[in-house]
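>>> Need coordinates for the below:
(chains A and B)
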Protein chains: 2
Amino acid sequence: MMLWLDGRLVDRAEARIDPADRGFTLGDGLFETIRAEAGHAAYLDRHLKRLKEGAQMLGIPLGWPDAAIEAAIAALLAAEGLRDAALRLTLTRGPGPRGIVPPAEPQPTLMITAGPLPPPAGPARLVIATITRRNEMSPLARLKTLNYLDNILARREAAERGADDAILLNTVGRVAEATAANLFVLRDGVWVTPPIEDGALPGIARGLLLEQGAVERSLEPADLATAEAAFLSNSLGLRPVAEIDGRPLPTSPNPLPPEGRRGLSRSLTAP
Amino acid sequence: MMLWLDGRLVDRAEARIDPADRGFTLGDGLFETIRAEAGHAAYLDRHLKRLKEGAQMLGIPLGWPDAAIEAAIAALLAAEGLRDAALRLTLTRGPGPRGIVPPAEPQPTLMITAGPLPPPAGPARLVIATITRRNEMSPLARLKTLNYLDNILARREAAERGADDAILLNTVGRVAEATAANLFVLRDGVWVTPPIEDGALPGIARGLLLEQGAVERSLEPADLATAEAAFLSNSLGLRPVAEIDGRPLPTSPNPLPPEGRRGLSRSLTAP
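Purely as a prediction, here's the structure:
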């Protein structure tokens, strides 16, 4: 098993993250999960745009041009003998001294890993997380950062309650998203997803679905109780929702997305 | 330079964090910053209690008994030739597969680093952060986790505004803490610090100061504008506050803490 780390393909067992890397010590970084199909990263331009916007916001210089990252992905997929894959790009601020003050001239870490796509998952049973809330008042809610503990807590709660995933509410009680996917619900025949301002991560799949006719609208938990159907979206695929807090939902057909959109409709995978 | 990693003293330049470590990929872990004096970690029992409470909340098994951690610290300080030091314990859930679902049987990573105490810092100029808010509705606000990006953002804002540190407000606009320290303000002759419910990290130094007569009370930004004095506290020391949002404050004398309390009063260091 190989990975790409700062310009080199290296064996995973030998690849070394510096113990002083601020990704490790402070969660000081970003990542992207990308679906590869037939040897190509789907919507790579959109993923890299989001990554660069996040890096700009955090002040992490990304020294690699898009073409170099695309070549790195191709080399990694070839080395691993993968054509369809789940890719992950991780960008951190790199090593730093003790404390939270970033080094004046950071040497960022960029890592790319690839693995087989997760197997298709059945319709998801969701619960609304009670253990934590998503902080829509932080700009981090709009970035895909390494600070994933709220989502991990919510996913642990879901497992403890016998569910597959959890829906996070924001600090004022509105629906934000699931722990690793955006949420779409069918209301009066329209697919609706929470707006960014409510704490939804601007998912790449979410953006594609909005271009295909879904709309942004704030959702209260009560709106979920009367939803006609629901699904989860992330860059690895879509997944129908079978129930929310114990209330069953019809799981087929999903009017969205239209058949044949690359990277969205071909498979249902576990987020 | 040595560090202690999962049971061994190793050279920092050779120490290897697994690229799949969830501390690195998801910020899935905790840390403690501890002041060592005369070769001993100050208030180690309190730090380990907080670490274990956090690990319990996150479901990360800490396989090392207190005595083993104490011995590891002693061995590291000896190897580094340090008697007074800034120690850091980092505990992560260890390596995991892609995705946020934790492995059923995690192999946590425990790392201990030591370095010289930071030099004394002068009185701090603070600003109230506008870029983000601390999420007091998440249980993570009560844990010292690896998810430090909100604090990093606020510290970057402080630097951009020519200040030394930033005060974070919570989601309802109350004062929570500084980016790496608790905040105490003098009001009507009483030292006041925000309660845990408002998003203050339960700092070890904070706890000691509360035992010495400081009190918990919610603070609005307007309360800071009329404060008689203020200081920052963390486990490395206390630091007077020279100004908040441009308003000067008297920086001496600080009625708290009483002279001679180990680990608190001996030095003023940059948090």
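>>> Can you give me the distance of A:E53 to B:R98?
Relative to B:R98, A:E53 is positioned 23 Å away (Cβ to Cβ, to the nearest Å). Every C-beta, even on glycine, is put in place using the N, C-alpha and C of the backbone.
>>> if you count what's nearby, which of the two comes out ahead?
Counted by other Cβ atoms under 10 Å in any protein chain shown, A:E53 and B:R98 do not tie: B:R98 has more neighbours, with 17 against 14.
>>> what bridges to the closest residue to the more buried one other than its chain neighbours?
Closest residue in space to B:R98, ignoring its immediate chain neighbours: A:G115 at 5.5 Å, by Cβ to Cβ, 6 or more residues apart in numbering or on different chains. Beta bridges link A:G115 to A:A86 when assigned by DSSP bridges.
>>> and what of A:L183?
Bridge pairing for A:L183 (DSSP bridges) gives the partners A:L232.
>>> I figured it hits A:A230, correct?
Yes. In this structure, A:L183 is within contact of A:A230 by Cβ atoms under 8 Å, at 6.5 Å.
>>> Mutual contacts of those two, please.
A:V241 (Cβ atoms under 8 Å, 6 or more residues apart in numbering or on different chains).
>>> neighbour count winner among these two?
For A:L183 versus A:A230, neighbours defined as other Cβ under 10 Å are more numerous around A:A230 (29 against 26).
>>> I'd like the distance between that one and B:R217.
The gap separating A:A230 from B:R217 is 44 Å, by Cβ to Cβ.
>>> Equivalent analysis for A:L76, please.
55 Å.
>>> try A:E220
To B:R217, A:E220 is 33 Å away according to Cβ to Cβ.
>>> so the most centrally placed residue in chain A, which of the three states?
With distances taken as Cα atoms, centre = their mean, the residue of chain A nearest its centroid is A:A180 (5.3 Å). Of the three states, A:A180 takes coil under DSSP: H, G, I helix; E, B strand; the rest coil.
>>> Provide the backbone phi and psi angles at it.
Here the main-chain torsion angles of A:A180 (degrees, to the nearest 10) amount to phi -150, psi 30.
>>> With A:P240 instead?
Per-residue torsions, A:P240: phi -70, psi 160 (degrees, to the nearest 10).
>>> residue contacts, A:G63?
Contacts of A:G63 (Cβ under 8 Å, 6+ apart): A:108, A:110.
>>> For A:A166, the count of nearby residues, please.
25.
>>> Surely A:R133 and A:I167 touch.
No. In terms of Cβ under 8 Å, A:R133 does not count as a neighbour of A:I167; the distance is 11.2 Å.
>>> the more surrounded of those two?
Between A:R133 and A:I167, counted using other Cβ under 10 Å, the more crowded position is A:I167 (28 against 24).
>>> State the three-state secondary structure for the more buried one.
strand.
>>> ok, now which ones touch the nearest residue in space to it that is not next to it in sequence?
If you skip the residues right next to it in sequence, A:I167 has A:I128 as its closest partner in space, 4.9 Å away by Cβ to Cβ, 6+ apart. The contact partners of A:I128, taken as Cβ under 8 Å, 6+ apart, are A:166-167, A:169, A:221, A:224, A:244-245.
>>> From the residues you listed, list just the buried residues.
With burial judged by 16 or more other Cβ atoms under 10 Å in any protein chain shown, the buried subset of those is A:166-167, A:169, A:224, A:244.
>>> Tell me the one among those residues nearest to chain B.
A:L169 (9.2 Å; Cβ to the nearest Cβ).
>>> Correct me if wrong: the closest one contacts A:V175.
Yes. Between A:L169 and A:V175 a contact is recorded at 6.1 Å, counting by Cβ under 8 Å.
>>> what are the ranges of the strands in the stretch 1-150 of chain A?
Secondary structure of the stretch 1-150 of chain A (DSSP state E, counting those that start in this stretch): strands located at A:2-5, A:8-11, A:29-37, A:40-41, A:85-92, A:109-115, A:124-128.
>>> Looking at these, spot the one closest to B:G189.
B:G189 lies closest to strand A:29-37 among the strands of the stretch 1-150 of chain A, at 45.0 Å (Cβ to Cβ).
>>> what angle do that closest one and strand A:109-115 make?
Angle of strand A:29-37 versus strand A:109-115, following axes from the mean of the first three to the mean of the last three Cα atoms, to 10 degrees, is 30 degrees.
>>> just to revisit the earlier point, and A:E220 and B:R217? Which one has more around it.
Taking other Cβ under 10 Å, A:E220 and B:R217 do not tie; B:R217 has more neighbours (15 against 12).
>>> Would you confirm that that one contacts B:P195?
Yes. Counting by Cβ under 8 Å, B:P195 is a contact partner of B:R217 at 7.1 Å.
>>> Who's the closest spatial neighbour of the residue in the stretch 151-271 of chain A positioned nearest to chain B, skipping the chain neighbours?
Residue of the stretch 151-271 of chain A nearest chain B, by Cβ to the nearest Cβ: A:T171 (4.4 Å). Nearest residue to A:T171, sequence neighbours excluded (Cβ to Cβ, 6+ apart): B:T171, at 4.4 Å.
>>> ok, now which ones touch A:P19?
Neighbouring residues of A:P19 by Cβ under 8 Å, 6+ apart: A:25, B:3, B:5, B:12, B:15-17, B:111, B:113.
>>> That one: what's its closest spatial neighbour, skipping adjacent residues?
Going by Cβ to Cβ, 6+ apart, A:P19 has B:A15 as its nearest residue, at 4.8 Å.
>>> ok, now A:A229?
A:L186 (4.1 Å).
>>> Report pLDDT for A:T113.
A:T113 carries a pLDDT value of 98.
>>> That one: neighbour count?
24.
>>> Pretty sure it sits against A:L5.
No. Counting by Cβ under 8 Å, A:T113 does not reach A:L5; the two are 9.2 Å apart.
>>> In chain A, which residue sits nearest chain B?
For chain A, Cβ to the nearest Cβ, closest residue to chain B: A:G27, 3.1 Å.
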